[in-house]
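Enquirer: With the input below, show me the fold.
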Amino acid sequence: MSSHPSPRPVAELFSADGRLLAIPRRPARRAALLAHLADTLFTPGRVYREAEVNEALKTVHDDYPALRRHLVVAGLLARTKDGAAYHRQQTGPVTGGAIPAVA
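Expert: I've put the predicted structure just below:
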C-alpha cells in the first residue's frame, strides 16, 4: 500500500457548469489541470491565433492570460516569437521554466 494518497480527479476543479473554480497553486495539481485543458481545448497540429487561444480559455476561467502563460511555460502550448500564433506541443512538458517559442 502506498503512503501517498491517490491523485484527485481534475473534474473536482470545475463547478457543475464547467467553469474552473480556481487555478491550483500546487504544481502537480496545476500540471494535471493544464494537461487536461491542452487535451480538451487544443488540437495537435492546428495553429491558433492568440485571440482563439483566449476565447477557448475564457470558456473555463476569467483569468485566461494566466492559463495561457501556464500552458506555454509548461510546454503544452508553443508560441511564435511575436506571440501571434500558438500550437499544441506534441511532446512532454519543458523543464527549467523557459518559455518555448517557435520561429
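
Enquirer: next one: phi and psi at Leu77?
Expert: According to degrees, to the nearest 10, the main-chain angles of Leu77 amount to phi -120, psi 140.

Enquirer: actually Ala78, not the one I typed
Expert: Backbone phi and psi, for Ala78 under degrees, to the nearest 10, turn out to be phi -110, psi 150.

Enquirer: give me the low-pLDDT residue ranges for this structure?
Expert: By pLDDT under 70, the weakly predicted segments of the chain are 1-7, 91-103.

Enquirer: Show me where it has its helices.
Expert: Listed in chain order, the helices found in the chain under DSSP state H are 27-41, 50-58, 64-73.

Enquirer: Out of those helices, which is the most enclosed?
Expert: Ranked by mean neighbour count, those are led by helix 64-73 with a mean of 18 (mean count of other CB atoms under 10 Å). Using the backbone N, CA and C atoms, a C-beta is placed for each residue, glycine as well.

Enquirer: Show me what that one packs onto, helices and strands only.
Expert: Contact analysis of helix 64-73 by 3 or more CB pairs under 8 Å, 6 or more residues apart in numbering; DSSP states H and E lists helix 27-41, helix 50-58, strand 77-80 as its packing neighbours.

Enquirer: what do you get if the cut-off is 10 Å, keeping everything else the same?
Expert: Contacting helix 64-73 under the criterion 3 or more CB pairs under 10 Å, 6 or more residues apart in numbering; DSSP states H and E are the following elements: helix 27-41, helix 50-58, strand 77-80, strand 85-88.

Enquirer: Take the ones you listed and lay them out in a markdown table including distance to Arg68.
Expert: A markdown table is the format used below for those (distance: least, CB to CB, whole Å):
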| stretch | distance to Arg68 |
| --- | --- |
| helix 27-41 | 10 |
| helix 50-58 | 6 |
| strand 77-80 | 7 |
| strand 85-88 | 8 |
